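Participant: Make a model of this:
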Amino acid sequence: MQKQLIGRGLIAGALGGLLAFLFARIFAEPQIQQAIDYETGRDAAQEALDKAAGLAVEAGGADPFSRAVQANVGIGVALIFFGAAMGALFAVAYALYLGRAGRVRPRTLALLVAGGGFLGMYLVPFLKYPANPPAIGHEDTIQQRSSFYLLMVACSVLFLALTVWLGKRLQPRFGTWNATLIAGGVFIAATAVVMLILPSFGDLAANKQYHQGTETPAPLTDDNGRIVFPGFPADLLFNFRLYSIGAQLVLWATIGLVFAPMAERLLTGSRTQQAEAAEPVTVSG
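Facilitator: As a prediction, the model looks like this:
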């Protein structure tokens, strides 16, 4: 049964990844291209300033893959495989809660688990460490940023699982509504504490080296303080982050909506077979 559920989760996740790619290709990819254009222009301006100051300029290396390949094949394959992986994790979580969630239909449980996956795996970590387009973030902070983000994801998923457990423990005493409110409040409080403890990316040591408290590029100035290249456009950053949320929402909504009927058919058919097998066989003479 678990293997069958995971197989269906893989299918739902791969389809979700495909739809998320189509959404990202239409809405997010133009934002990525604008960010790359900004980065190219800023690098050219910085190179001109370095040459004017008599500094050595390093030659930039060419990308091994063209933008067309990256925007289509690269992102598409990555999102489909990512979606399949999330679908498999979703199916494992679904199997764990199956039979332990009370009188919840298999279809409804699938939507609840998918909503929890979107919340715990993406939305809550996004509130602390939102997605950034190219040109934002120093190369020296990549490892630190990745580590802190994964830690935030782990804490979010752990707190979400503990919240479900706490809600079930409190339900007999406080009722479903009050238990849900209490457990939700505990989740918000615990998440807020972790967010306060973890540093923002702008506070990392590499950014202090550049005398700025943010990963977002500030205006580039010359020795006289004149702006020779603007800072990163705020509208572009907002749109990229908005479409990033949209792509993840498409992914998890597809996983839940596609998996739900498949799981219900599987579980209903399995119960029917068990019931038929348990019926006594009558032999007429």
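Participant: how about low-confidence regions in the protein?
Facilitator: 59-65, 67, 102, 208-213, 270-285 (pLDDT under 70).
Participant: Kindly state the domain boundaries assigned to it.
Facilitator: 1-57+67-117+237-274, 137-216 (automatic domain parsing).
Participant: Make a markdown table from these and add distance to K128 and mean neighbour count to it.
Facilitator: From N, CA and C alone the C-beta is placed, and that goes for glycine too. Below are the domains of the chain laid out as a markdown table (distance: least, CB to CB, whole Å; neighbours: other CB atoms under 10 Å):
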| stretch | distance to K128 | mean neighbour count |
| --- | --- | --- |
| domain 1-57+67-117+237-274 | 13 | 18 |
| domain 137-216 | 5 | 15 |
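Participant: nearest to G231, of those domains?
Facilitator: domain 137-216 (7.1 Å; CB to CB).
Participant: Can you give the distance of that closest one from its chain's centre?
Facilitator: 13 Å (CA atoms, centre = their mean, to the nearest Å).
Participant: Please name every helix or strand in contact with the one helix or strand Y243 maps to.
Facilitator: Using DSSP states H and E, Y243 maps to helix 234-278. Contacts defined by 3 or more CB pairs under 8 Å, 6 or more residues apart in numbering; DSSP states H and E place helix 234-278 against helix 2-23, helix 29-52, helix 75-97, helix 106-118, helix 124-128.
Participant: Of these, give the one that comes closest to L266.
Facilitator: helix 2-23 (5.9 Å).
Participant: Give me the contacts around that closest one.
Facilitator: 75-76, 79-92, 94-95, 243, 246-248, 250-256, 258-259, 262-263, 266 (CB atoms under 8 Å, 6 or more residues apart in numbering).
Participant: 7 Å - rerun?
Facilitator: 75-76, 79-80, 82-88, 90-92, 94-95, 246-247, 250-251, 254-255, 258-259, 262-263, 266 (CB atoms under 7 Å, 6 or more residues apart in numbering).
Participant: Just the element for the residue lying closest to D140 once chain neighbours are set aside, please.
Facilitator: Spatial nearest neighbour of D140, chain neighbours left out: A206 (3.9 Å); criterion: CB to CB, 6 or more residues apart in numbering. Element membership of A206, judged by DSSP H and E, is helix 205-209.
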